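Enquirer: Next comes the sequence, and after it the predicted model I'd like to discuss.
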Amino acid sequence: MFWAIPFVKEQKNIKRDKKGLIFLMNMISGKNICVQYNYNCLKDMLLQFCFRENPLNCRGSLKRISGNPFDFSDTGSCDKDNSLEMKSGLPAVLLVAFFLFAKQAASQTNSEDSIFHQTAVSHSIAVYFKQIGDQSPLYNGSLYAEYPYPFKEGTPFFPLDNFSSGSVVYDGIRFDSVALLYDNLRQLVVLKKDAYLLQLVNQRVTAFEIADHHFVRLEAGNSNPGIPVTGFYEVLYPGRSEVLKVTIQNIQDVASITEGMIHFIESSNAYYVKSGSTFIRVKTRGELIDVFQGHEKEIQKFIKKNKLNFRRDKENTFIQAAGYYDQIAK
């Protein structure tokens, strides 16, 4: 339904019922709002609500009443002509998108309201950034420095050594169909924009997906017990007994009389299984069975019955065993 809404031509005035507009903005902020609606205010409110930036400042168009930047009340100063002038088609699409989501959300339960509200905000902002193109915060990273030499063996990139279409959650907003490359050696997510290669700021990347491989960024410490180093981890199994994989890489330099300095990449994998609230590193088949406390015998029988080979088919063994445990341990 959303994509069927046509763009509004330049300089065309949009007239909407004022009550509906106020309801729309109330849905965004969760507060009572009286606003002189224009493009700049909508854009500022959109960005600052989602990124929790500084209090709104629309040069008087949005009147702040209290210390809370999203606490506004109707002071009688709202525009009385009930009209909204849009200077381009994009703001109109955004506003109508929000209005449609808000209107549908009004009929939901409180729990559904919260979910629907977050979905509406996230989806609309993603549409907004897709439309503004080069001005999107996705393209505000620094230039990516390519490796100054080739590698005789191994590659620093995973899962592919060339750009492929993927998705990334950046600043809490999901961007789809983005040309991505993952530099596993440096732990950098790289995107391609025209002739430029840009590296995203790791702290602002929540997750990304390339070639059906899903990665999340986890902070080491109390928030993720058992995670040794902050970085990107591939999610092999997303269930309660979550299974993670991290590929550790190092560069090895070897001097050659005929070829000069040769560069190799050595790689090793580490696997973690979530037990309760703690991630446990698993190196052997026996350690994998021990992770699933209280059901060790069942897991052992399951692995044997399904002929799962931990040494030859390690990742599948992790996934199957964790999935089976989550079924029987309910």
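Expert: Received the coordinates, thanks. Model, not experiment: these values are computed from the prediction. Numbers count the residues shown, from 1 in each chain.

Enquirer: ok, Lys307 - contacts?
Expert: Going by C-beta atoms under 8 Å, 6 or more residues apart in numbering, Lys307 touches no other residue. (Each C-beta comes from the backbone N, C-alpha and C, glycine too.)

Enquirer: now Gln203: how far from Val246?
Expert: The spacing between Gln203 and Val246, counted by C-beta to C-beta, to the nearest Å, is 18 Å.

Enquirer: Name the residue in these two with the higher neighbour count.
Expert: With neighbours defined as other C-beta atoms under 10 Å, Gln203 and Val246 compare such that Val246 has more, 21 against 9.

Enquirer: That one touches Ser267, doesn't it?
Expert: No: the pair Val246 and Ser267 fails to qualify as a contact (C-beta atoms under 8 Å) at a distance of 10.8 Å.

Enquirer: how near is Thr278 to Gln293?
Expert: Using C-beta to C-beta, one obtains 12 Å as the distance from Thr278 to Gln293.

Enquirer: An error on my part: the question was meant for Pro156.
Expert: Distance, Pro156 to Gln293, by C-beta to C-beta: 38 Å.

Enquirer: Between the two, which has more neighbouring residues?
Expert: Neighbour totals were compared for Pro156 and Gln293, and Pro156 leads with 17 against 11 (other C-beta under 10 Å).

Enquirer: And that one, how far from Gln199?
Expert: From Pro156 over to Gln199 (counting by C-beta to C-beta), the distance is 13 Å.

Enquirer: Tell me where the stretch 201-330 of the chain has helices.
Expert: With DSSP state H, counting those that start in this stretch as the criterion, the stretch 201-330 of the chain has helices at 285-291, 296-305, 314-328.

Enquirer: Show me what the longest one is packed against.
Expert: Read that as helix 314-328. Judged by 3 or more C-beta pairs under 8 Å, 6 or more residues apart in numbering; DSSP states H and E, helix 314-328 is in contact with strand 231-237, strand 243-256, strand 260-275, helix 285-291, helix 296-305.

Enquirer: any idea of the mean pLDDT for the third one?
Expert: So the one you mean is strand 260-275. Strand 260-275 shows an average pLDDT of 96 in the prediction.

Enquirer: elements contacting that strand?
Expert: strand 243-256, strand 278-282, helix 285-291, helix 314-328.

Enquirer: Apply 7 Å and report the result again.
Expert: If you count contacts as 3 or more C-beta pairs under 7 Å, 6 or more residues apart in numbering; DSSP states H and E, strand 260-275 packs onto strand 243-256, strand 278-282.

Enquirer: can you tell which of those strands is closest to Val216?
Expert: strand 243-256 (8.1 Å; C-beta to C-beta).

Enquirer: List the contacts of that closest one.
Expert: Identification of contacts with strand 243-256 by C-beta atoms under 7 Å, 6 or more residues apart in numbering yields 156, 158, 184-185, 231, 233-237, 261-273, 279, 318-319, 322.

Enquirer: from those residues, which would you call buried?
Expert: Listed as buried from the contacts of strand 243-256 are 156, 158, 184-185, 231, 233-237, 262-263, 265, 271-273, 279, 318-319, 322; burial here means 16 or more other C-beta atoms under 10 Å.

Enquirer: contacting residues for the closest residue to Thr284 other than its chain neighbours?
Expert: Distances taken as C-beta to C-beta, 6 or more residues apart in numbering place Phe310 nearest to Thr284, at 7.4 Å, with adjacent residues excluded. Phe310 is in contact with 285, 288, 317, counting by C-beta under 7 Å, 6+ apart.

Enquirer: ok, and the most crowded of the residues you listed?
Expert: Using other C-beta under 10 Å as the neighbour criterion, Leu288 leads the contacts of Phe310 with 25 neighbours.

Enquirer: hang on, that one packs against Ala321?
Expert: Yes: with contact defined as C-beta atoms under 7 Å, Leu288 reaches Ala321; the gap is 6.1 Å.

Enquirer: So this protein: which segments form each domain?
Expert: Domain segmentation of the chain under automatic domain parsing yields 2-134, 142-282, 283-330.

Enquirer: Just give me the lowest mean pLDDT stretch among those.
Expert: Of all those, the minimum mean pLDDT falls on domain 2-134 (a mean of 44).

Enquirer: Many thanks, I have nothing further to ask.
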